[in-house]
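A.B. asks: return atomic coordinates for the entry below.
(one chain, ligands or ions: 1)
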Amino acid sequence: MDLSAVAVPHTLAHLKPLLPAPPAHVLEAGCGRGALAVALADLGYQVTGVDRDAEMAAAATGRGLPVIQADVRDVSGEYDVVLFTRSLHHADDLDEILGHAVTLLAPGGRVVIEEFAWERVDRAAAEFLYDNRALLVATGLLDAELPDGDLLDAWIDGHDFLHQGSAMLDALERAGSGLTIVPTPMLWRLIDGRGGAWTEPAHAADALNTLHQAETRRVAEGTLPAIGLLASVHR
Ligand SMILES: C[S@@+](CC[C@H](N)C(=O)[O-])C[C@H]1O[C@@H](n2cnc3c(N)ncnc32)[C@H](O)[C@@H]1O
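C.D. replies: Numbering: from 1, shown residues only. I've put the predicted structure just below:
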């Protein structure tokens, strides 16, 4: 089940203040199946997707987008925004990919990233994530793996091979100027884990929106860390 219909509006709400007005030209670097790219195109942006994965590039092309199947580091051209949404945490070389992204910017352009800082997950965050996942699995709404043993250890074991948020922010700051960072809720988007499957799409959307609200409130109260980050630099 594709939950992008739930996720994209939340991403857009955070993203819009960082973007120039349409019809600015946006390169979505690691566009996946293109859900966000299509939403940006619907807002009037000129969007080009790039994804190195053939299946992803084909899926995004099938939605009517211009898509380049390539590694971001091999793309040329000039864009007002180069946008990475959760496509950096596996990057081979953060300095290389972000350094190249900055060279693609038109005057006044920005590189924007939406990512998560796995190292900010503390015990309260791990319990929020896995206790809510267990509840969703128990109700039959979600089919997903549940961790054995200590929840914080399980989180760390499942994520410590990814770039940390701090490493991505440091690389972004080295690549450009004027780093801005907006913390965002993100645990709700990770609730189904890798490979989890929802059984009832309509109820899944309600559950995700409820979790988003709960996480947003706790982040504002200071009882949960903000795991998500939206950050940008200019040339
Ligand atoms: C987790 S998915 C995110 C997809 C989409 N941006 C979203 O938010 O739903 C990451 C995508 O980035 C792509 N990707 C990762 N590194 C890339 C690179 N260096 N060049 C091109 N695509 C890349 C992967 O193939 C994958 O489709």
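A.B. asks: what's the longest helix seen in the chain in contact with?
C.D. replies: Determined from DSSP state H, the single longest helix within the chain is helix 201-221. By CB atoms under 8 Å, 6 or more residues apart in numbering, the list of residues contacting helix 201-221 from outside reads 1, 3, 5-7, 10, 128, 132, 136, 141-142, 183, 185-189, 191, 198, 224-226. Using the backbone N, CA and C atoms, a C-beta is placed for each residue, glycine as well.
A.B. asks: can we see that at 10 Å?
C.D. replies: For helix 201-221, contacts defined as CB atoms under 10 Å, 6 or more residues apart in numbering pick out 1-3, 5-7, 9-10, 124-125, 128-129, 132-133, 135-136, 139-142, 183-189, 191-192, 197-198, 200, 223-228.
A.B. asks: may I see the buried residues of it?
C.D. replies: 204, 205, 207, 208, 211, 212, 214, 215, 216, 218, 219 (16 or more other CB atoms under 10 Å).
A.B. asks: which residues of this protein lie near the ligand?
C.D. replies: 30-32, 36, 50-53, 56, 71-72, 85-87, 97 (CB under 6 Å from any ligand atom).
A.B. asks: tell me which of the contacts of helix 201-221 fall in strands.
C.D. replies: 142, 183, 184, 197, 198, 228 (DSSP state E).
A.B. asks: quick one: contacts for the fourth one?
C.D. replies: Contact partners of residue 197, counting by CB under 10 Å, 6+ apart, are 1, 142, 143, 144, 204.
A.B. asks: per-residue pLDDT of the third one, please?
C.D. replies: Model confidence at residue 143, expressed as pLDDT, equals 95.
A.B. asks: about what we covered before: what's the PyMOL syntax to select whichever of the residues of the chain next to the ligand are buried?
C.D. replies: Command for PyMOL that selects the buried part of those, burial taken from 16+ other CB under 10 Å:
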select buried, resi 30+31+32+36+50+51+52+56+72+85+86+87+97
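A.B. asks: need the max-distance pair from the residues of the chain next to the ligand.
C.D. replies: 36 and 71 (19.4 Å; CB to CB).
A.B. asks: give me the low-pLDDT residue ranges for this protein?
C.D. replies: For the chain, the stretches flagged by pLDDT under 70 are 1.
A.B. asks: where do the helices sit along it?
C.D. replies: Using DSSP H, the helices of the chain run over residues 4-15, 35-42, 54-62, 94-103, 123-138, 151-159, 165-175, 201-221.
A.B. asks: deepest of these, which one?
C.D. replies: The highest average neighbour count among the helices of the chain, using mean count of other CB atoms under 10 Å, belongs to helix 35-42 at a mean of 22.
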